[in-house]
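Participant: Fold the following.
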Amino acid sequence: MAIPDLKISGDRLAIVDDMIFRLIRMRMSIAGDVAAFKKKTGEPIFRSGIEDARIEKVRKLAEEIGLNPHFAESIL
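Facilitator: Numbering: from 1, shown residues only. This next block holds a predicted model:
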């Protein structure tokens, strides 16, 4: 196995970090839009059935790709 070039690996990590945080920001923006819609229409903010299904889906995906399901859930 070749020894990785730390500069290249560091640069790659920085790119991935940037992508992760931009996606989290995008998710937060969409969640804000959903909350504003629910507030305007009087819908409940929290719907346990939908939230439970979303959490289960994320946990399953995490397991499939080798991530800790608890960690994946915490991002939601």
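Participant: now this protein, which segments are flagged as low pLDDT?
Facilitator: Under the criterion pLDDT under 70, the flagged ranges of the chain are 1.
Participant: can you rerun that using 90?
Facilitator: The model of the chain has pLDDT under 90 over residues 1-4, 75-76.
Participant: Can you pull the phi and psi angles for G42?
Facilitator: Dihedral pair for G42: phi 80, psi 10, per degrees, to the nearest 10.
Participant: quick one: it and S48, what's the gap?
Facilitator: G42 sits 18 Å away from S48, going by CB to CB, to the nearest Å. Where C-beta positions appear, they are placed from N, C-alpha and C, glycine not excepted.
Participant: With N68 instead?
Facilitator: N68 sits at a distance of 23 Å from S48 (criterion: CB to CB).
Participant: who's more crowded, those two?
Facilitator: Set N68 next to S48 and count neighbours by other CB atoms under 10 Å: N68 wins out with 11 against 8.
Participant: Does the more buried one touch A62 like I think?
Facilitator: Yes: counting by CB atoms under 8 Å, N68 does reach A62; the two are 6.6 Å apart.
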